[in-house]
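K.L.:
Pasting the sequence and the predicted model now:
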Amino acid sequence: MKRKLLILFFLVFWLLPFAQDENPDSLQQILLVSTGNKKVDILNRIAVSYSSTSPEKAIEYSNLALKEATENEYKKGIVDAFNNIGMAYTTLSQYETALNFHQKAAVVAFEINDKSCIASAYSNIGRVYWRLQIMEKAMEYYFKSLKIQYELKDDNAIAKTLNNIGLVYFEDGNLESAKEYFLESLAKNTKLKNDNLIAATLSNLGMVYTSEKKYNQALEYYNEAMEIMEKNGSLNGLSTTANNIGETYYKKGDFTKAIEYTNKGLEYGKKIGIKRLIMQSYLVLSEIYDTLGDYKSAHNYFTLFVKYEDSLDFDENTTLLKQLENFNKELEINSIQRDQKQMQEINEAQTRSRETIAILLGVLLLYVIVHLIFLIRSNKRKNDLNNILAERNIQLEELNHKLLKSEKELLDSSNTKDRLFSIIGHDLRSPYNILLGYSELLYEEYDELDDETKKKYIAELNKSANISFQLLENLLHWSRLQTGKPSLKPELINITEILDNALALVSLNAQGKNIRVTNLVDFNYQIVADKNMVATIFRNLVSNAVKFTGKGGYVYISAISHPKHDEFSIKDTGIGMTESDIEKILMETPVINFGTAGEKGLGLGLEITRQFIKMHHGELLIESVPGQGSLFKFTIPKTEGK
């Protein structure tokens with residue numbers, strides 16, 4: 001019984017996720033400047049970095065990540081947080097709690113159909129079943145995970161799972177199968193240059209050769225593993241491997257070396273405070289001193305081992321009691337909610353009764369009114385005159401309403417005509433004057449001009465052509481809006497394709513100002529909407545961002561998928577707007593401004609943009625600070641089934 005327990009302790013470290021590559025201190029610096037889903041990912045990475053060295057901190061950061069991810073509806077972040085909490089509780093030997101969190105992770109992973117997350121959850125569930133010594137279940141979940149990992153061609157995950165399957169075979173006494181899986185894992189890890197996993201697999205091979213009584217080969221693997229762990233500062237691995245080396249020297253009969261390495265394992269175990277590692281060292285030392293005939297020391301170490309074992313059992317029992325307490329609380333909450341539902345039903349029944357009484361009173365009142373009218377009709381002539389007067393008043397009101405409506409339509413038509421002629425007469429003429437001027441210069445002086453000047457003139461021609469094209473496009477859309485002709489034609493469209501076209505139109509203007517335009521929208525991002533309208537929206541917003549951003553500025557384009565709508569953002573570091581200008585734009589009042597290079601903004605593009613977003617039942621949001629830039633966001637509701 002004692003020897004079996006020793007072997008179990010030797011294997012504890014190597015079923016951990018081996019995720020200590022990142023320094024939590026450097027991640028803390030990144031966390032300070034992170035927001036949204038990026039912040040959730042950093043919190044989860046910090047939790048993973050603490051998973052084996054400080055499981056309490058891992059739980060703390062995982063809970064912070066879970067809270068942020070839930071608020072942001074970031075399902076991938078929720079899955080990672082559940083898995084990280086489960087791994088921390090596995091390190092603390094609280095297996096029931098760990099299994100609960102990994103199962104929650106699997107449920108959410110299936111909701112979002114993320115195969116990588118499903119595979120990770122399966123692997124973690126297999127790890128917990130291994131700890132609980134339910135080997136059949138452990139192997140079942142490991143092979144489920146491995147199948148998905150091969151489909152995804154995730155070599156890093158495959159290497160970890162091969163290592164864990166080898167451990168299950170090792171404990172079952174199937175040393176050849178264990179060695180086969182360990183060697184396959186080592187080959188993949190060596191190719192991936194994953195030092196932590198290389199060290200883990202080397203140490204596991206050492207255990208196989210120790211079991212085969214090939215002690216010198218075992219020590220070679222252990223020492224190679226120790227070198228890598230000392231380099232990477234993996235205290236958990238150093239503790240387990242040092243104890244394994246001590247056990248091997250003990251079996252060889254070199255008791256001095258056995259005591260030396262086991263004490264090293266004890267020292268590492270105490271540094272990270274993991275009880276099972278400390279227990280492992282105490283048990284090995286007890287066996288060594290017992291063999292040497294130093295029964296007093298053997299008794300002292302075995303007493304310490306039993307003390308830690310009792311403490312560990314107490315912690316596990318405490319966890320189970322807390323779970324029972326939480327279950328009772330849930331029952332109490334459910335009972336209260338049931339009572340509240342019954343009270344709500346009673347209140348609704350009372351409300352319906354009051355409504356019935358009100359209807360009856362209304363019918364009674366109507367009867368009284370009808371009866372009064374019947375009495376009044378005795379004076380027929382007076383009623384006839386009143387009716388004629390009432391009809392005339394109604395006719396006059398209708399005529400007055402029609403006149404007011406006609407007057408407004410004439411005024412709007414006049415304003416539209418004046419604005420259209422103004423744009424055609426002045427604003428559309430300007431880019432065409434530039435086109436004519438530069439084309440005339442190129443035609444008459446082409447042979448005298450150097451290549452650099454020619455390129456400059458051609459660039460100006462392209463710029464003016466783009467301005468003219470966009471202005472004509474906006475005029476066409478605007479005139480259709482005024483006459484009520486455009487209709488919505490929704491279809492599945494690719495946002496990446498639309499943005500590529502929009503960015504191509506502003507590329508020369510952006511290059512001229514040395515503005516960096518960054519597209520953060522996921523490749524092949526798709527929505528259901530009117531393709532031409534969405535293209536016009538992006539073209540106007542991106543063009544405005546470049547127009548009102550100075551030299552060396554930045555423009556960022558991003559998208560977020562929400563459950564009921566898609567949200568797109570265009571953010572610039574330009575001149576910004578006052579609150580008064582923002583209110584005018586949202587109140588459908590044209591705002592005329594000049595860009596950082598003297599480009600004139602008519603407000604026509606924004607007016608069209610607002611109307612097209614409104615036709616999609618979306619929303620336009622504007623945030624801006626003068627001198628600091630602007631953020632334009634708009635939403636497109638998702639259709640059924642998307």
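P.N.:
Nice, I can see it.

K.L.:
For the closest residue in space to residue 575 that isn't next to it in sequence, the count of nearby residues, please.
P.N.:
Among residues not flanking residue 575 along the chain, residue 548 sits closest, at 5.3 Å (C-beta to C-beta, 6 or more residues apart in numbering). C-beta coordinates here come from the backbone N, C-alpha and C atoms, glycine included. Close neighbours of residue 548, defined as other C-beta atoms under 10 Å, add up to 24.

K.L.:
Please name the residues that touch residue 548.
P.N.:
572, 574, 575, 593, 595, 596, 601, 630 (C-beta atoms under 8 Å, 6 or more residues apart in numbering).

K.L.:
Now a PyMOL select for only the buried ones of these.
P.N.:
Typed into PyMOL, the line below selects the buried ones among the contacts of residue 548, using 16 or more other C-beta atoms under 10 Å:
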select buried, resi 572+574+575+595+596+601+630
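
K.L.:
Lowest pLDDT pick from the contacts of residue 548?
P.N.:
pLDDT across these is lowest for residue 601, at 56.

K.L.:
Quick check: closest non-adjacent residue to residue 625.
P.N.:
Nearest residue to residue 625, sequence neighbours excluded (C-beta to C-beta, 6+ apart): residue 576, at 5.2 Å.

K.L.:
so that neighbour touches residue 627, yeah?
P.N.:
Yes: counting by C-beta atoms under 8 Å, residue 627 is a contact partner of residue 576 at 5.6 Å.

K.L.:
and the two? which has more neighbours close in?
P.N.:
Neighbours were counted for residue 576 and for residue 627 using other C-beta under 10 Å; residue 576 has more, 18 against 9.

K.L.:
where's the more buried one relative to residue 515, distance?
P.N.:
15 Å (C-beta to C-beta, to the nearest Å).

K.L.:
cool, residue 151 as well?
P.N.:
Applying C-beta to C-beta, the value for residue 151 to residue 515 is 43 Å.

K.L.:
What is the burial count for residue 364?
P.N.:
Neighbour count for residue 364, taken as other C-beta under 10 Å: 10.

K.L.:
pLDDT value on it, please?
P.N.:
Looking at residue 364, its pLDDT is 73.

K.L.:
Repeat that for the one 10 residues further on.
P.N.:
The predicted local confidence for residue 374 comes out at a pLDDT of 60.

K.L.:
Next: residue 514.
P.N.:
pLDDT, residue 514: 94.

K.L.:
give me the number of residues near it?
P.N.:
For residue 514, the neighbour count with other C-beta under 10 Å is 10.

K.L.:
pretty sure it is in a strand, no?
P.N.:
No: counting by DSSP: H, G, I helix; E, B strand; the rest coil, one finds residue 514 to be coil, located in no strand.

K.L.:
Distance of it relative to residue 550?
P.N.:
With distances taken as C-beta to C-beta, residue 514 is found 9 Å from residue 550.

K.L.:
Tell me which other helices or strands the helix or strand where residue 241 lies touches.
P.N.:
Using DSSP states H and E, residue 241 sits within helix 235-252. Judged by 3 or more C-beta pairs under 8 Å, 6 or more residues apart in numbering; DSSP states H and E, helix 235-252 is in contact with helix 2-11, helix 195-211, helix 215-232, helix 255-272, helix 275-292.

K.L.:
Extract the CA atoms of the third one and return them as PDB.
P.N.:
Pointing back at helix 215-232 there. Provided in PDB are the C-alpha atoms of helix 215-232 (Å, rounded to 0.1, in the frame of the first residue of the first chain):
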ATOM      1  CA  TYR A 215      18.800   2.700 -13.000                       C
ATOM      2  CA  ASN A 216      21.700   4.200 -15.000                       C
ATOM      3  CA  GLN A 217      19.500   4.900 -18.000                       C
ATOM      4  CA  ALA A 218      16.800   6.300 -15.700                       C
ATOM      5  CA  LEU A 219      19.300   8.700 -14.000                       C
ATOM      6  CA  GLU A 220      20.500   9.900 -17.500                       C
ATOM      7  CA  TYR A 221      16.900  10.900 -18.300                       C
ATOM      8  CA  TYR A 222      16.300  12.500 -14.900                       C
ATOM      9  CA  ASN A 223      19.500  14.500 -14.900                       C
ATOM     10  CA  GLU A 224      18.800  15.900 -18.400                       C
ATOM     11  CA  ALA A 225      15.300  16.800 -17.200                       C
ATOM     12  CA  MET A 226      16.700  18.500 -14.100                       C
ATOM     13  CA  GLU A 227      19.100  20.700 -16.200                       C
ATOM     14  CA  ILE A 228      16.200  22.000 -18.300                       C
ATOM     15  CA  MET A 229      14.000  22.700 -15.200                       C
ATOM     16  CA  GLU A 230      16.800  24.500 -13.300                       C
ATOM     17  CA  LYS A 231      17.200  26.700 -16.400                       C
ATOM     18  CA  ASN A 232      13.500  27.500 -16.500                       C
END
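
K.L.:
helices or strands up against that helix?
P.N.:
Using 3+ C-beta pairs under 8 Å, 6+ apart as the test, helix 215-232 ends up in contact with helix 195-211, helix 235-252.

K.L.:
May I ask you to confirm that residue 563 is in contact with residue 74?
P.N.:
No: checked against C-beta under 8 Å, the pair residue 563 and residue 74 is beyond contact range at 11.6 Å.

K.L.:
Beyond the helix or strand of the chain with the lowest mean pLDDT, next helix or strand please.
P.N.:
When the helices and strands of the chain are scored by mean pLDDT, DSSP states H and E, helix 2-11 comes last with a mean of 41. Next helix or strand after helix 2-11 toward the C-terminus (DSSP H and E): helix 24-32.

K.L.:
tally of neighbours for the residue lying closest to residue 262 once chain neighbours are set aside?
P.N.:
Nearest non-adjacent residue to residue 262, counting by C-beta to C-beta, 6+ apart: residue 246, 3.4 Å away. Per other C-beta under 10 Å, the neighbour tally for residue 246 reads 29.

K.L.:
Could you do residue 120 as well?
P.N.:
Using other C-beta under 10 Å, residue 120 has 25 neighbouring residues.

K.L.:
And for residue 305?
P.N.:
Applying other C-beta under 10 Å, we find 22 residues neighbouring residue 305.

K.L.:
measure the residue nearest to it when sequence neighbours are not counted to residue 563 for me?
P.N.:
Excluding the flanking residues, the one nearest residue 305 by C-beta to C-beta, 6+ apart is residue 282, at 4.0 Å. In this view, residue 282 and residue 563 are 53 Å apart by C-beta to C-beta.

K.L.:
one step back: just tell me which of the helices and strands packed on helix 215-232 ends up closest to residue 308.
P.N.:
Nearest of the helices and strands packed on helix 215-232 to residue 308, taken as C-beta to C-beta: helix 235-252 at 13.8 Å.

K.L.:
and whatever helix or strand residue 500 lives in, how far out from the chain's middle?
P.N.:
Using DSSP H and E, residue 500 maps to helix 495-512. Counting by C-alpha atoms, centre = their mean, to the nearest Å, helix 495-512 is centred 27 Å from the centre of its parent chain.

K.L.:
Packing partners of it?
P.N.:
Applying 3+ C-beta pairs under 8 Å, 6+ apart, we find helix 495-512 packed against helix 451-483, strand 516-519, helix 531-547, strand 554-561.

K.L.:
Strand partners (parallel or antiparallel) of the second one?
P.N.:
Spelled out, that is strand 516-519. Using DSSP bridges, the strands paired with strand 516-519 are strand 554-561 (parallel).

K.L.:
May I see the buried residues of the strand it pairs with?
P.N.:
555, 556, 557, 559, 560.

K.L.:
of those residues, closest to residue 347?
P.N.:
Closest approach between the buried residues of strand 554-561 and residue 347, by C-beta to C-beta: residue 560, at 39.9 Å.
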